[in-house]
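K.L.:
predicted model follows, preceded by the sequence.
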Amino acid sequence: MRYDIIVVGAGPGGSSAALHAARNGAEVLLLEKRQEIGSPIRCAEGVGKKGLAGCGIKPDPKWIASEMKGAKLHSPSDVVVELSGELAGNEVGYVLERKIFDRELAMTAAEAGAEILMKTMATDLILDEGYAKLKVLTGGDKMELEADLIIAADGVESKTARWAGIDTTLKPSDVESCVQYLMAGVECEPDYTHFYIGPSYSPGGYIWVFPKGCSKANVGIGVQGSKIPRNEGGFVKNLLDKFIEKHPALSKGKKLEIIAGGVPVSGPKYETVVDNLMVVGDAARHADPATGGGIINAIRGGRLAGEVGAQAVKERDFSRTFLSRYEKAWKEDFGKSLERNLIIKNALTKLEDSDFNDLADSLSGYRFEELGLLGLIDAIQEKHPELLDALIGE
Ligand SMILES: Cc1cc2nc3c(=O)[nH]c(=O)nc-3n(C[C@H](O)[C@H](O)[C@H](O)COP(=O)(O)OP(=O)(O)OC[C@H]3O[C@@H](n4cnc5c(N)ncnc54)[C@H](O)[C@@H]3O)c2cc1C
């Protein structure tokens, strides 16, 4: 039971890492603790077309629930800012069926030669002998596996990185605590995602309605962990329930599924390589701090880790120094946008409802050529220059 590389976790990050490591000649084992890849989903399933194309993934009707023309942002006073495809510079996308999408990704890894072990949970890791010993529980049996390299892709709650001595602690303010319903029988525009932003909707986060076709939608909320009152276990779900009650287009719908989960919004905080180990995806805090979206960065980071991992196998060098090529690569690829969006998130979480109303007022009807940070700043400067201090001045 010895492999070149063992990848822990078969989410988008892990499958992408396994695919690219196997494709580049490494002997790879991909472990997943659940009995089914992609289920239960803990995701609103939205991705940008550009992001997917950048990962080299061609859209496939099998895993596309619906195609989006744009997004609508609602302020607390319900001023709506429309970011259509035209305005948003084709920054439009899809709502996925992640149960199928994740499985397809894992399948491409298998086709490239990776082995997959389901219902197999990593329980401990020892790294001090120049290679990795990974303890697992597989179908209830204890087993020890060995590899030259571990890729930790075990999501927001990653223990694998912690076993490797990396401090993965997240402060409550660094996590969005989310609850989401899959609802049927709702009335919503089939080709627009909707975001409700402002502390009265969600302190430090937002509410989303992502249509999935056939009157279905993911209706969810993310609240900044530090803004959840103590001893208020049901706070996040109650906020979402109240929102749904107030919106007749949603309240007549039926809830088919409820999920809860955390999104790391700390931005990249710690080193993502040590000797014999690399960390990818949510485990590496690669989700976007401003939007909470993490699918694309998990796939991109997974690819980079897989490629560097396969190179390490060829050169028989699993040292931190060699593996830091991966860290350098992801920083060059999406590190800057994570840093920038962390600043934006930190600024946005300080704003009140009235600021969001002013902000929406600034943006509605403004013809910016392309949706981007500069266009946004121009729009605010023109209509509400005082808000710029709150957003970027401090
Ligand atoms: C409510 C919610 C809504 C979201 N909406 C969006 C969205 O619309 N768009 C977007 O881009 N992102 C969204 N995200 C974030 C997105 O889901 C993640 O960023 C993405 O799934 C990260 O991929 P990953 O591979 O790093 O981790 P994950 O997808 O979390 O995969 C980790 C895998 O590791 C497995 N695992 C964990 N521990 C072990 C172990 N010890 N042994 C073996 N296996 C293990 C898990 O079972 C899991 O399958 C959302 C997240 C939440 C919670």
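P.N.:
Sure, I can see it.
K.L.:
chain center to the helix or strand that contains Met143, what's the gap?
P.N.:
When elements are assigned from DSSP states H and E, Met143 belongs to strand 141-152. Centroid displacement of strand 141-152 relative to its chain, using Cα atoms, centre = their mean, to the nearest Å, is 25 Å.
K.L.:
give the next helix or strand downstream of that strand.
P.N.:
Where DSSP H and E defines the elements, the next helix or strand beyond strand 141-152 is helix 160-163.
K.L.:
what helices or strands is that next one leaning on?
P.N.:
strand 120-126, strand 141-152, strand 277-279 (3 or more Cβ pairs under 8 Å, 6 or more residues apart in numbering; DSSP states H and E). (Each C-beta comes from the backbone N, C-alpha and C, glycine too.)
K.L.:
the ligand is nearest to which of these?
P.N.:
Within the helices and strands packed on helix 160-163, the stretch nearest the ligand is strand 120-126; the backing value is 3.9 Å (Cβ to the nearest ligand atom).
K.L.:
could I get the average pLDDT for that closest one?
P.N.:
Averaging pLDDT along strand 120-126 yields 97.
K.L.:
next, the buried residues of whichever helix or strand comes after it.
P.N.:
Proceeding N to C from strand 120-126, the next assigned helix or strand is strand 132-138, under DSSP H and E. Neighbour counts over strand 132-138 (16 or more other Cβ atoms under 10 Å) mark Ala132, Lys133, Leu134, Val136 as buried.
K.L.:
okay, the angle between strand 132-138 and strand 141-152?
P.N.:
Per axes from the mean of the first three to the mean of the last three Cα atoms, to 10 degrees, the angle that strand 132-138 makes with strand 141-152 is 130 degrees.
K.L.:
distance of the closest residue to Gly155 other than its chain neighbours from the ligand?
P.N.:
Take Gly155 and drop its neighbours on the chain: the residue closest to it by Cβ to Cβ, 6 or more residues apart in numbering is Asp282, 4.7 Å away. For Asp282, the distance to the ligand equals 4 Å [Cβ to the nearest ligand atom, to the nearest Å].
K.L.:
and what of Pro199?
P.N.:
Distance of Pro199 to the ligand, computed by Cβ to the nearest ligand atom: 19 Å.
K.L.:
my guess is Cys55 contacts Ile295. True?
P.N.:
No: if you go by Cβ atoms under 8 Å, Cys55 and Ile295 don't touch, sitting 9.1 Å apart.
K.L.:
neighbour count: those two, which is higher?
P.N.:
For Cys55 versus Ile295, the count of surrounding residues by other Cβ atoms under 10 Å is larger for Ile295: 27 against 19.
K.L.:
residue contacts, the more buried one?
P.N.:
Pro12, Cys43, Val47, Gly51, Leu96 (Cβ atoms under 8 Å, 6 or more residues apart in numbering).
K.L.:
switch to 6 Å and redo it
P.N.:
By Cβ atoms under 6 Å, 6 or more residues apart in numbering, the residues touching Ile295 are Pro12, Val47.
K.L.:
torsion angles phi and psi at it?
P.N.:
Taking degrees, to the nearest 10, you get phi -60, psi -50 for the backbone angles of Ile295.
K.L.:
tell me where the stretch 1-150 of the chain has helices.
P.N.:
With DSSP state H, counting those that start in this stretch, the ranges of helices along the stretch 1-150 of the chain come out as 12-23, 49-54, 98-111.
K.L.:
pick the most buried one from those.
P.N.:
Counting by mean count of other Cβ atoms under 10 Å, helix 12-23 has the highest mean neighbour count of the helices of the stretch 1-150 of the chain, with a mean of 31.
K.L.:
what's the spacing between that one and its chain's center?
P.N.:
Distance, centroid of helix 12-23 to centroid of chain: 17 Å (Cα atoms, centre = their mean).
K.L.:
so what touches that helix?
P.N.:
With contacts defined as Cβ under 6 Å, 6+ apart, helix 12-23 is touched by 5, 7, 28, 30, 105-106, 108-109, 112-114, 151, 153, 280-281, 295, 298-299, 302-303, 305-307, 309-310.
K.L.:
which residues of the protein lie near the ligand?
P.N.:
For the chain, the residues in contact with the ligand (Cβ under 6 Å from any ligand atom) are 8-14, 31-34, 42-47, 121-122, 153-155, 159, 178, 180, 220, 261, 263, 281-283, 287, 292-295, 298.
K.L.:
if any of these are buried, give me the PyMOL selection for them.
P.N.:
Restricted to buried positions by 16+ other Cβ under 10 Å, the PyMOL selection for these reads:
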select buried, resi 8+9+10+11+12+13+14+31+32+33+42+43+44+45+46+47+122+153+154+155+159+178+180+220+261+263+281+282+283+287+292+293+294+295+298
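K.L.:
next step: the residues of the chain next to the ligand restricted to strands.
P.N.:
Val8, Leu31, Gly46, Val47, Met121, Ala122, Cys178, Gln180, Gly220, Gly261, Val263 (DSSP state E).
K.L.:
now do the contacts for the most centrally placed residue in the chain.
P.N.:
Nearest to the geometric centre of the chain sits Gly294, at 1.9 Å (Cα atoms, centre = their mean). By Cβ under 6 Å, 6+ apart, the contact set of Gly294 is Asp282, Ala287.
K.L.:
from here on, call the first residue 14.
P.N.:
Okay, using 14 as the starting number, the last item reads as Gly307.
K.L.:
how far away is it from Gly64?
P.N.:
Between Gly307 and Gly64 the computed distance is 11 Å (Cβ to Cβ, to the nearest Å).
K.L.:
and Ile129, by the same measure?
P.N.:
25 Å.
K.L.:
cool, and Met291?
P.N.:
22 Å.
K.L.:
could you do Val232 as well?
P.N.:
The value you get for Val232 to Gly64, if Cβ to Cβ is used, is 23 Å.
K.L.:
just Met196 next, same as before
P.N.:
26 Å.
K.L.:
tell me how many other residues crowd Ile77.
P.N.:
Neighbours of Ile77 (other Cβ under 10 Å): 20.
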